[in-house]
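Colleague: sequence and predicted structure are below.
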Amino acid sequence: MSDDEHHFESKADAGASKTFPQQAGTIRKNAYVVIKQRPCKVVEVSTSKTGKHGHAKCHFVAIDIFTGKKLEDIVPSSHNCDVPEVTRTDFQLIDISEDGFVSLLTDNGETKDDLRVPTDEPLASQIKSGFGEGKDLVVTVMSAMGEEQICALKDIGPK
């Protein structure tokens with residue numbers, strides 16, 4: 001065996017993992033958890049007692065953080081669940097295109113043009129009306145597991 005045989009191509013981004021394991025019994029309400037390959041926020045947790053065959057079970061009811069769909073999962077409390085790495089970043093809104101994409105200003109002065117106006121109607125109308133009035137708007141972008149979406153809006157005054 002020579003050294004030439006061991007070539008690994010890393011496709012990780014900056015060493016950050018998309019999820020990390022956490023014991024099911026330690027996950028509480030308002031925490032994040034992955035259910036059916038989707039990042040979710042836990043809205044209800046109930047734990048059943050150990051039965052005849054061993055494990056106590058955790059029943060999670062959670063809402064997908066991007067689609068708003070309700071998902072449920074039952075996991076033995078001693079087993080690990082995947083927990084998504086959820087980050088929130090603020091960007092200044094520069095422009096909204098006709099096709100629904102927003103142009104955002106990053107901290108290093110570059111533009112980010114790959115996000116759409118959110119499908120959440122009250123938030124979308126607030127962004128469009130505030131931008132139409134010429135206000136300086138800062139949007140909060142939530143990202144998890146390779147997905148991103150605008151989740152909040154701050155008005156920092158007129159331009």
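Modeller: Yep, it's here. Numbering: from 1, shown residues only.
Colleague: let's check: the centremost residue of this structure is which one?
Modeller: In the chain, the residue lying closest to the centroid (Cα atoms, centre = their mean) is residue 144, at 3.5 Å.
Colleague: isn't that residue right up against residue 83?
Modeller: No - under the criterion of Cβ atoms under 8 Å, residue 144 makes no contact with residue 83, lying 10.0 Å away. Every residue, glycine included, has its C-beta placed from N, CA and C.
Colleague: what do these two both touch?
Modeller: residue 32 (Cβ atoms under 8 Å, 6 or more residues apart in numbering).
Colleague: so how far is residue 35 from the residue nearest to the centre of the chain?
Modeller: 13 Å (Cβ to Cβ, to the nearest Å).
Colleague: go on, residue 114?
Modeller: Counting by Cβ to Cβ, the gap from residue 114 to residue 35 is 26 Å.
Colleague: comparing the two, which shows the higher neighbour count?
Modeller: Ranked by neighbour count (other Cβ atoms under 10 Å), residue 114 and residue 35 place residue 35 first, with 21 against 10.
Colleague: ok, what's across the strand from the more buried one?
Modeller: Beta bridges link residue 35 to residue 38, judged by DSSP bridges.
Colleague: my guess is it contacts residue 65. True?
Modeller: No - in this structure residue 35 lies outside contact range of residue 65 using Cβ under 8 Å: 11.0 Å.
Colleague: number of nearby residues for residue 19?
Modeller: 17.
Colleague: residues contacting the closest residue to it other than its chain neighbours?
Modeller: Leaving aside its sequence neighbours, residue 19 sits nearest to residue 82 (Cβ to Cβ, 6 or more residues apart in numbering; 4.1 Å). With contact taken as Cβ under 8 Å, 6+ apart, residue 82 is in contact with 19, 20, 21, 33, 34.
Colleague: now do the same end-to-end measure for stretch 62-70.
Modeller: End-to-end distance of stretch 62-70 (Cα to Cα, to the nearest Å): 6 Å.
Colleague: and that stretch, what's buried?
Modeller: By 16 or more other Cβ atoms under 10 Å, the buried positions in stretch 62-70 come out as 62, 63, 65, 66.
Colleague: now the spatially closest residue to the first one that is not a sequence neighbour: how far from residue 147?
Modeller: In this case it means residue 62. In space, and not counting its chain neighbours, residue 62 is closest to residue 40: 3.5 Å by Cβ to Cβ, 6+ apart. In this view, residue 40 and residue 147 are 12 Å apart by Cβ to Cβ.
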